[in-house]
Every structure is written in C-alpha cells, then in structure tokens.
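# What follows is a predicted structure for the sequence shown.
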Amino acid sequence: MQTATSPDAPQGVRQVEIGPERDGQRIDNALVTMLKGVPKSMIYRLLRTGQVRVNGKRAKPDTRLTTGDMLRIPPVRVAERPDRMGPATSQVAEVAEAIIFEDKHFLVIDKPSGVASHGGSGVSHGAIELMRAARSQDHLELVHRLDRDTSGVLVFAKTRVGLTGLQAAIRGSEVTKQYLCLMLGHPSKAKFDVNAPLLKSVLQGGERMVRVAENGKPSLTFFREMEQYPSARLMQATLGTGRTHQIRVHAAHIGHPLAGDPKYGDREMNKRFRDMGLNRMFLHASHMSFELDGRAYSFSTPLPDDLKDFLDVLSVKGKRLLWMKEKSRTDF
C-alpha cells in the first residue's frame, strides 16, 4: 500500500487553506489535482461519505471553494498497481485536430461525438485527458461539460483567470449557449419556450436521471425551428439556464423528445431512425459566446457530417420509410 497525497503533503489528515488560485473552483476538480494518482471514484466516495469538509461542514462534489476556506482532506490510501496505459495516439490526434480556437486564456475544440468530456464511469480518457496528452506544455482545465454523445463547442481554460472568469459568467447566466437538435414530431409553433423546473436524481445503479418536478430548480429553454423534415423538426435550442440534461428533458416533457436519445427518447422511433443511419443522439453544441476582461468571445461549429448525412436521408426517404414501417404494423 502507498499513501496517495500531493508530493509535499504530510501523512494523515490535512487542513489546507484555499488560496486565490482556487477561488470559485469545484471541490471535486480541486481534489483531482491535489490528490494525484487517486482514482476519481475514490474522490467522489470521500465526498459522498462526508470525509472531505469545508470549514467543518460536509461538501458536495459541486461545492465551490472560496479564498480562505479551510479544506479537510483525509488520508487516502490506494493499492499499488502498474501505471495505466496512456491514451491511444489516434485518440490524442483526433482531439488535437478538433481545435477551433486558442489564445492565452482558452483552447476550444469541436468535440467529436463518442468522446466524453472527462474520464471516469468506465471511460479511461475523456477530452480533457486527451488534450492534456496532446498539449503537455499547457495547464488545461475543463470549464464546462458536454454529454458523451453530444458533439460541438467545448472550452478548456489555459489560465486561472480564464477558468474562474468563464465559470463566473456561466453561473451568472452571462454566456450564450445554443444547440442544434432534432425533435420528433411537429411542435405546434415554430418558436416557443419551455419553462419547467428540473429535479436531478441518481438511480441505484449510479445512473443520473432528470425529471420535471415542482420542487426542482428553475429551468428555461428557448426553442426555434430551423428546418422541417418528415416526422421531425431541426430546432435551435438556446439555454436560459444550464441544468443537467435540460434540453433533452424539456423536449421530452412537451412530447417531442430528441431523435436518438436513449434515456428520454422514443424507443420505437429511435429504432426506425437507426435503420435510416442515425447512430447517436441528435444534439450538437453549435454556438457559445461570452465576454471576459472587455473582450468578446464567440465560437461556432457546424453540424458534423454524420448528422448532416442523416438529415439528407431523412429528407429524401423519410416519408416512404416511415410509411412502410407504419403499414407493416397493420398488415397482420
């Protein structure tokens, strides 16, 4: 066994005073960097069981640290094991080639679908780990997250100013985030809002689920029709708030779930669309803009080829294929 702590830390319980460089940082992210070599699953278990405390109080993974906070870190012991293999060169190259913007504060990629934002939950290497492997000379932090299936704009911070500044802007609803999504069916209006509170829960197996509930957090999404397709509409979704799975749950709540959504979607329609070439959830983070230190930032990415190709198939063959599916269900 070996004690896994930062190189200059003494053994046993540690009391760490938070400095300005971690002001506003999530406690789970801080612990990942402070406890090098400790699995994230263990860090979350320490938080869940109350062994990590801030100013003597239990902390949740999304607790934000403040300069001057006293952070209690328990001794953490992990079994010795060989170093895990690093990410595949092809994975690193794929993410490195997806860079669309870089300056002294930020590095932005057009995240491919299928790449998680970060490692954990069965994923060895996410976008942040892959980008750190590609850019070992830079100190990179993940500013926000996208679901694994979701493609599009993902921002990394290269400086503490960039990280805390953009995270503060996100918390203050000062960031514009827009997505392109394919809604099943035909919403009655081309432009509408969904204002429904969302409540997050974790199932026994650890799966996160979100539902509309009166005691949930206020949540607002603005939808606008972009294009019409047989049995579906391409919509632009602009976030008024940034809740987990917000677009997906709001879409399902009004009876028009996202095409290909395995958690909140329509299983039968997902199967039909898979037969027509849609192999993942149709959700793409197309635009993000904000201001920092007097500078305006704006990042946009087009629909990836797999989603464009599916729309081409849907526009040409959609009516015929869907009619044939419906007819086959009645010919018994």
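That came through fine.

# Distance-wise, check the residue nearest the centre of the chain relative to Gly114.
By CA atoms, centre = their mean, the mean C-alpha position of the chain lies nearest to Leu146, the distance being 2.2 Å. Summarising the geometry, the distance separating Leu146 from Gly114, computed by CB to CB, to the nearest Å, is 11 Å. In this view, the C-beta of every residue, glycine as well, is placed from N, C-alpha and C.

# now swap in Ala88 and tell me
When distances are taken as CB to CB, Ala88 and Gly114 turn out to be 13 Å apart.

# And Glu225, by the same measure?
Distance, Glu225 to Gly114, by CB to CB: 28 Å.

# Of the two, which one has the most company?
Remark: of Glu225 and Gly114, Glu225 carries more neighbours, 16 against 12, as counted by other CB atoms under 10 Å.

# Mind telling me what element the more buried one is part of?
In this structure, Glu225 is located in strand 220-229 according to DSSP states H and E.

# Kindly report the same for Ala169.
With elements taken from DSSP H and E, the one containing Ala169 is helix 160-171.

# Nearest spatial neighbour of Ser151, chain-adjacent residues omitted?
Leaving aside its sequence neighbours, Ser151 sits nearest to Ser113 (CB to CB, 6 or more residues apart in numbering; 4.3 Å).

# Next, that neighbour: secondary structure please.
Secondary structure of Ser113, reduced to three states by DSSP: H, G, I helix; E, B strand; the rest coil: coil.

# With Val95 instead?
The three-state assignment at Val95 reads helix, by three-state DSSP.

# Neighbours of the closest residue to it other than its chain neighbours, how many?
The shortest distance from Val95 to any residue that is not its chain neighbour, by CB to CB, 6+ apart, is 4.2 Å, and that residue is Leu130. By the criterion of other CB under 10 Å, Leu130 has 25 neighbours.

# before we move on, the earlier item: beyond the strand holding Glu225, next helix or strand please.
Moving toward the C-terminus from strand 220-229, the first helix or strand encountered (DSSP H and E) is strand 232-239.

# Name all residues that make contact with Phe282.
Contacts were defined as CB atoms under 8 Å, 6 or more residues apart in numbering; by that measure Phe282 touches Cys181, Leu182, Leu258, Ala259, Gly260, Leu307, Phe310.

# which residues are in contact with whichever strand or helix holds the first one?
In this case it means Cys181. Cys181 is part of strand 176-184 when elements are defined by DSSP H and E. Where contact means CB under 8 Å, 6+ apart, the residues beyond strand 176-184 that reach it are 150, 152, 223, 226, 229, 231-239, 242, 247, 251, 256-260, 265-266, 269, 282-290, 303, 307, 311.
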